[in-house]
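**Q** What follows is a predicted structure for the sequence shown.
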Amino acid sequence: MAASAIKILTGSVIAAVALSANRAVTGLGAIPAAGARSFGVTDFSGAVGDRVSVGVLGTVVAEAGAAFAADAALEVDALGRFITKNAGVTVARAVTAAGAAGSLAEILLIPN
């Protein structure tokens with residue numbers, strides 16, 4: 001099944017660093033630390049200073065940092081990709097499974 005998105009709320013950030021599409025971002029436009037909180041998921045890539053739209057609430061298409069199962073609780077890795085929750089903050093739940101790092105999956109964002 002292809003990943004899709006049903007966004008309820010979209011925000012934006014000014015990129016403080018180069019941002020990649022479909023990855024977690026902080027409200028200050030940076031990549032969150034591994035296991036940290038996130039503002040949402042970028043809709044597209046952006047260079048420093050670019051305004052980038054961010055899915056904040058609802059489901060979004062996100063890049064996996066490793067394989068994960070559907071319905072898994074998710075946290076972010078050091079690159080802003082999503083992985084199965086270990087010791088970090090739960091920022092999302094997997095709607096669809098991810099087969100490997102770099103694959104795209106639909107996730108449900110959890111306010112954190």
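**A** Alright, I've got the coordinates. Numbering: from 1, shown residues only.

**Q** can you name the farthest residue from the center of the chain?
**A** The centre of the chain is farthest from one residue, Gly49, which by CA atoms, centre = their mean lies 19.9 Å away.

**Q** quick one, what contacts that residue?
**A** Neighbour list for Gly49: 14-15 [criterion: CB atoms under 8 Å, 6 or more residues apart in numbering]. In short, each C-beta sits where N, CA and C put it, glycine included.

**Q** Next one: it from Val41, what distance?
**A** 20 Å (CB to CB, to the nearest Å).

**Q** Could you do Gly65 as well?
**A** Gly65 sits 13 Å away from Val41, taking CB to CB as the criterion.

**Q** So for those two, which residue has more residues nearby?
**A** Val41 (28 against 25; other CB atoms under 10 Å).

**Q** wait, doesn't that one sit right on Thr59?
**A** No - assessed by CB atoms under 8 Å, Val41 is found out of contact with Thr59, at 9.8 Å.

**Q** shared neighbours of the two, which are they?
**A** 107, 109.

**Q** Is the residue farthest from the centre of the chain part of a helix or strand, or is it coil?
**A** coil (DSSP: H, G, I helix; E, B strand; the rest coil).

**Q** Give me the phi and psi for it.
**A** The phi/psi pair for Gly49 (degrees, to the nearest 10) reads phi 90, psi -10.

**Q** ok, now Arg81?
**A** phi -90, psi 170.

**Q** quick one: contacts for the closest residue to it other than its chain neighbours?
**A** Among residues not flanking Arg81 along the chain, Gly65 sits closest, at 3.3 Å (CB to CB, 6 or more residues apart in numbering). If you count contacts by CB under 8 Å, 6+ apart, Gly65 has them with 76-77, 79, 81-83, 101.

**Q** So Ser12 is in contact with Gly55, correct?
**A** No - proximity of Ser12 to Gly55 does not meet the contact threshold set by CB under 8 Å, at 10.6 Å.

**Q** Just want to know which of those two has more residues nearby.
**A** A count of neighbours by other CB under 10 Å puts Gly55 above the other of Ser12 and Gly55, at 25 against 17.
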